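1. My questions concern the predicted model and sequence given below.
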Amino acid sequence: MRQRRVMNQINVVPYIDVMLVLLVIFMVTAPMMPSGTVDLPSVSKASQVKTDPLKISVRGMDRYDFVDDKTQTRLPSVSEESLLEKLRDAQTENPDRAVVIEAEKSVRYEAVMKVMDLLQRNNISKVGLLVKPAQ
């Protein structure tokens, strides 16, 4: 008398049946799902600025210029302390006023990140980078 051998293969046919049934259910119900809408900003809304932003020009490591077009203030070569003082004065006057950072190509990325970190540590939240369009 021979003994029966144990079958060591997995029967995948029931799993395939279940997957096909689920696929059909999803294919039928997917067109019935409501689609969401996304309101993207238009160009005319995005380009309008409420107030002129404050500008910080990074000339190198620990070399900054401060520009305020609203009051026509231009301070070349200011220190971190005087830069923060001017920014705090402008932010107390108008807390919604943004600060933009501009830098030349030759300025190291580390110098720009140092200014961004300085602004973040001093709770100045609206910070952006000023870019020039390609010509």
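-> Thanks, I have it.

2. Mind jotting down where the helices sit in the protein?
-> Per DSSP state H, the chain carries helices over the ranges 13-29, 43-46, 80-93, 109-121.

3. would a markdown table of those helices with mean pLDDT, distance to residue 70 and mean neighbour count be doable?
-> C-beta coordinates here come from the backbone N, C-alpha and C atoms, glycine included. Shown next, in a markdown table, are those (pLDDT from 0 to 100; distance: least, C-beta to C-beta, whole Å; neighbours: other C-beta atoms under 10 Å):
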| stretch | mean pLDDT | distance to residue 70 | mean neighbour count |
| --- | --- | --- | --- |
| helix 13-29 | 95 | 56 | 10 |
| helix 43-46 | 55 | 21 | 8 |
| helix 80-93 | 86 | 8 | 14 |
| helix 109-121 | 90 | 18 | 14 |
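
4. any chance of those helices in TSV, plus distance to residue 72?
-> Below are the helices of the chain laid out as TSV (distance: least, C-beta to C-beta, whole Å):
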stretch	distance to residue 72
helix 13-29	63
helix 43-46	26
helix 80-93	13
helix 109-121	22
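
5. The ones you listed: which one's closest to residue 53?
-> helix 80-93 (9.8 Å; C-beta to C-beta).

6. Export that closest one to PDB, keeping only CA atoms.
-> In PDB, the C-alpha atoms belonging to helix 80-93 read as follows (Å, rounded to 0.1, in the frame of the first residue of the first chain):
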ATOM      1  CA  GLU A  80      21.800  91.000  12.400                       C
ATOM      2  CA  GLU A  81      20.600  93.000  15.500                       C
ATOM      3  CA  SER A  82      19.700  96.100  13.600                       C
ATOM      4  CA  LEU A  83      18.100  94.100  10.800                       C
ATOM      5  CA  LEU A  84      15.900  92.300  13.400                       C
ATOM      6  CA  GLU A  85      15.100  95.600  15.000                       C
ATOM      7  CA  LYS A  86      13.900  97.200  11.700                       C
ATOM      8  CA  LEU A  87      11.900  94.000  10.900                       C
ATOM      9  CA  ARG A  88      10.200  94.000  14.300                       C
ATOM     10  CA  ASP A  89       9.300  97.700  13.900                       C
ATOM     11  CA  ALA A  90       7.800  97.100  10.500                       C
ATOM     12  CA  GLN A  91       5.900  94.000  11.700                       C
ATOM     13  CA  THR A  92       4.400  95.700  14.700                       C
ATOM     14  CA  GLU A  93       3.100  98.400  12.400                       C
END
